[in-house]
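1. take a look and give me a structure for this.
(one chain, ligands or ions: 1)
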Amino acid sequence: MRIDIITVLPELMQSPFNASILHRAKEKGLVEVHFHNLRDYSIGNYKQVDDYQFGGGAGMVLMIEPIDKCISKLKAERDYDEIIYMTPDGDTLTQGISNEISLKENLIILCGHYKGVDQRVRDKFVTREISIGDYVLSGGELAAAVLCDSVIRLLPGVLNDETSALTDTFQDNLLAPPVYTRPSSYKGMDVPEILLSGDFPKIEKWREEKALERTEEKRPDLLK
Ligand SMILES: C[S@@+](CC[C@H](N)C(=O)[O-])C[C@H]1O[C@@H](n2cnc3c(N)ncnc32)[C@H](O)[C@@H]1O
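-> Next up, the predicted model:
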């Protein structure tokens with residue numbers, strides 16, 4: 001998979017991609033992530049990427065021309081499956097959306113800033129709009145990092161044991177069951193005996209029951 005991220009703050013994006021699973025995925029050549037500084041496509045003597053909004057009002061708007069220049073350059077080099085705009089009024093990110101996007105090959109992710117991007121960018125270039133929740137961030141960078149993390153960990157070969165992602169919360173519309181590790185007893189708190197039994201069919205059944213119990217208790221909406 002290749003991901004091209006367009007941003008006015010590429011420096012904000014470095015660290016999430018240089019640690020842990022995302023870093024490993026890049027090292028293994030399973031994903032390529034490229035950052036494009038929108039300021040490299042700025043226009044005019046003042047190297048502008050944003051301007052006041054028509055009609056007045058507080059907050060600058062990212063202009064269409066630098067974004068058009070950047071996207072056109074990328075599209076001239078390869079085909080993209082999706083051009084995603086991170087925005088609080090997009091579809092709320094779910095595991096299902098991440099699963100679906102993990103099957104794509106080439107993605108552009110556009111990060112907004114200030115009041116967002118000129119609406120014509122959304123009308124003309126963007127194929128999908130994604131929000132990471134009902135709150136407003138200062139820019140799309142952290143949201144893009146969240147989307148990328150949730151997608152990249154699903155790519156074959158990224159996790160040491162691929163079945164791990166399949167047993168995570170939200171896969172199968174269930175929350176994950178509780179997990180424990182050593183020691184089996186700590187200050188009077190014992191790990192459920194079944195997990196120490198070595199009886200894997202029974203352990204599997206116990207996990208299914210606990211996943212269902214937890215979902216009924218915390219997220220009954222998922223069961224509907
Ligand atoms: C300050 S916000 C702009 C909010 C916009 N004026 C509005 O009310 O919808 C700046 C940028 O942050 C990003 N952003 C903010 N909240 C987000 C969220 N919940 N999910 C995804 N992106 C978000 C978007 O790229 C947005 O263009």
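2. the ligand contacts on the protein?
-> Proximity of the chain to the ligand is assessed by Cβ under 6 Å from any ligand atom, with 86-89, 111-113, 115-116, 131-133, 135-140, 143 identified as the residues in range. In this view, the C-beta of every residue, glycine as well, is placed from N, C-alpha and C.
3. and those, which are buried?
-> In terms of neighbour count (16 or more other Cβ atoms under 10 Å), the buried residues within the residues of the chain next to the ligand are 86-88, 111-113, 116, 131-132, 137, 139-140, 143.
4. in strands only, show me these.
-> Taking DSSP state E as the definition of strands, those contribute 86, 87, 88, 111, 131.
5. what residue lies at the spatial centre of the chain?
-> The C-alpha lying nearest the average C-alpha coordinate of the chain belongs to residue 147 (Cα atoms, centre = their mean; 0.7 Å).
6. which residue ranges of this structure form helices?
-> For the chain, the helices defined by DSSP state H occupy 10-17, 20-27, 64-77, 95-101, 119-124, 141-152, 163-166, 200-218.
7. please work out which of those is packed deepest.
-> Mean neighbour counts were taken over these using mean count of other Cβ atoms under 10 Å, and the top value, a mean of 22, falls to helix 141-152.
8. got the angle for that one vs helix 20-27?
-> Here helix 141-152 runs at an angle of 70 degrees relative to helix 20-27 (axes from the mean of the first three to the mean of the last three Cα atoms, to 10 degrees).
9. any idea what the closest residue to residue 34 other than its chain neighbours is bridged to?
-> Counting by Cβ to Cβ, 6 or more residues apart in numbering, the nearest residue to residue 34 once its immediate chain neighbours are dropped is residue 4, at 4.9 Å. Following DSSP bridges, residue 4 is listed with bridge partners residue 34, residue 108.
10. go ahead and confirm residue 4 touches residue 75.
-> No. Residue 4 lies out of contact with residue 75 (Cβ atoms under 8 Å); the separation is 9.9 Å.
11. in the protein, what residue comes closest to the ligand?
-> Residue nearest to the ligand within the chain: residue 112 (2.1 Å; Cβ to the nearest ligand atom).
12. ok, so what distance separates that residue from residue 40?
-> 17 Å (Cβ to Cβ, to the nearest Å).
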